[in-house]
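A.B. asks: task: produce atomic coordinates for the following.
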Amino acid sequence: MALQSGAPPRTLARIMFIDEADIHVKAGKGGDGCTAFLREKFRPWGGPAGGDGGRGGSIIFRADPHTDTLLGLYRLRRIVAEVGQPGSNKNCSGKSGKDTIVKVPLGTLVKDKPTAELLCDLTEAGQEFVVARGGKGGRGNQHFATSTHQTPLEHETGTEGEERDLHLELKLIADVGLIGLPNAGKSTLLSRISSAHPKIAPYPFTTKEPQLGIVDSGQYRQVVVADLPGLIEGAHAGAGLGDEFLRHVERTSLLVHLVDAAPLDGSDPLANFRLIENELKLYSPVLAERPRLIVASKLDLPGADENLERLRKELDCEVLSLSAATNQGIKEFIQRLIRWVFELKTAPKQGW
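C.D. replies: Purely as a prediction, here's the structure:
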């Protein structure tokens with residue numbers, strides 16, 4: 001999609017959500033030390049005066065709350081930091097290379113690509129990690145002078161900066177993950193309970209990237225909700241978009257399973273519920289044990305009430321109900337959502 005001239009830089013980031021990227025990083029080489037001797041009038045035996053080389057620049061990843069995609073790194077592919085400058089005469093040290101600060105979204109995992117080793121998990125605003133350390137500057141010949149070796153010609157060369165291939169993964173940091181089949185009403189619900197504006201349309205895969213919304217209770221309590229798209233049968237194995245986005249619910253403390261109580265395709269809401277639950281279990285048994293809030297949506301449509309009672313009877317648990325179109329049950333849902341999330345945060349080991 002072409003951008004109009006003068007479009008702000010973040011426009012493209014909104015269009016393309018990139019949650020994985022491979023990048024090659026190379027820190028700067030340290031500057032070489034210098035071999036020099038002091039030559040000044042009236043100081044014929046000034047001695048060795050070679051300065052040290054400057055340190056090479058390091059590459060540092062910094063978690064930035066205003067960055068929401070790995071698009072920049074996905075396109076950049078390679079980052080090289082500044083090299084250190086060589087030393088000079090009169091014991092002058094070379095200038096150190098400038099560190100390269102790379103802003104990444106909160107929730108970015110940095111892995112060593114060849115070994116898949118996790119190097120860091122950047123989850124807090126301002127958190128930093130040095131992914132490639134700059135090389136040390138070499139020593140000048142001033143350091144090699146001794147009482148028996150007063151005219152040293154030796155100096156050290158600067159060491160190479162670290163160089164590595166990295167694989168970056170982004171896992172959104174959200175309190176609640178909205179899951180369910182396409183057209184279950186997740187995007188519509190998110191638009192009703194937050195200020196998010198996801199694309200809404202009556203066809204499958206309307207949402208093609210995770211959407212975040214902030215639910216504010218008005219009591220200085222906020223809950224971050226993520227709408228996860230693309231969950232269909234076989235999602236854990238790559239069908240639809242599920243395998244790309246299931247990772248984003250791994251950080252959530254609560255899952256809200258939205259079930260269409262009146263599917264337009266005539267499918268069985270109970271079978272649809274069990275299908276998504278099975279995909280979660282196949283993807284991650286740990287994720288399948290995450291606390292769950294089951295919500296029947298589209299209560300304004302014909303047949304929804306009957307299917308709601310059947311869901312409650314067959315599942316033998318509490319099933320909330322709402323209609324995003326008429327706002328029925330929205331207020332009660334928000335209150336329950338906020339209470340559950342904050343109780344989970346304060347007492348994560350208690351059962352539900």
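
A.B. asks: just give the closest residue to residue 324, not the sequence neighbours.
C.D. replies: residue 188 (4.3 Å; C-beta to C-beta, 6 or more residues apart in numbering). C-betas here are computed from N, CA, C, even on glycine.

A.B. asks: pLDDT below threshold where in the stretch 201-350 of the chain?
C.D. replies: 201-209, 217-221, 230-246, 345-350 (pLDDT under 70).

A.B. asks: doesn't residue 176 make contact with residue 226?
C.D. replies: Yes. Counting by C-beta atoms under 8 Å, residue 226 touches residue 176, with 7.0 Å between them.

A.B. asks: could you count how many residues lie near residue 47?
C.D. replies: By other C-beta atoms under 10 Å, the residues close to residue 47 number 13.

A.B. asks: that one and residue 58, how far apart?
C.D. replies: Residue 47 sits 34 Å away from residue 58, going by C-beta to C-beta, to the nearest Å.

A.B. asks: please, where are all the helices along the stretch 151-300 of the chain?
C.D. replies: 186-193, 242-245, 269-283, 285-288 (DSSP state H, counting those that start in this stretch).

A.B. asks: okay, those helices, which one's buried deepest?
C.D. replies: helix 186-193 (a mean of 23; mean count of other C-beta atoms under 10 Å).

A.B. asks: model confidence for the residue nearest to residue 324, exactly?
C.D. replies: On pLDDT, residue 188 comes in at 84.

A.B. asks: returning to that earlier point: residues shared between the contacts of residue 226 and residue 176?
C.D. replies: Common contacts of residue 226 and residue 176, defined by C-beta atoms under 8 Å, 6 or more residues apart in numbering, comprise residue 252.

A.B. asks: now do the strands in this structure.
C.D. replies: Here the chain has its strands, by DSSP state E, at 20-26, 59-63, 78-80, 100-104, 108-112, 118-122, 128-132, 163-170, 176-179, 211-216, 222-227, 254-260, 292-297, 320-321.

A.B. asks: domain parsing for the protein?
C.D. replies: 19-170, 176-346 (automatic domain parsing).

A.B. asks: quick one: distance of the shortest one to the chain centre.
C.D. replies: For domain 19-170, the distance from its own C-alpha centre to the chain's C-alpha centre is 26 Å (C-alpha atoms, centre = their mean, to the nearest Å).

A.B. asks: what's the mean pLDDT across that domain?
C.D. replies: Here the average pLDDT along domain 19-170 is 91.

A.B. asks: name all residues that make contact with the closest residue to residue 225 other than its chain neighbours.
C.D. replies: Leaving aside its sequence neighbours, residue 225 sits nearest to residue 176 (C-beta to C-beta, 6+ apart; 4.5 Å). Contact analysis of residue 176 by C-beta under 8 Å, 6+ apart lists 223, 224, 225, 226, 252, 253, 254, 255, 256, 337, 341.
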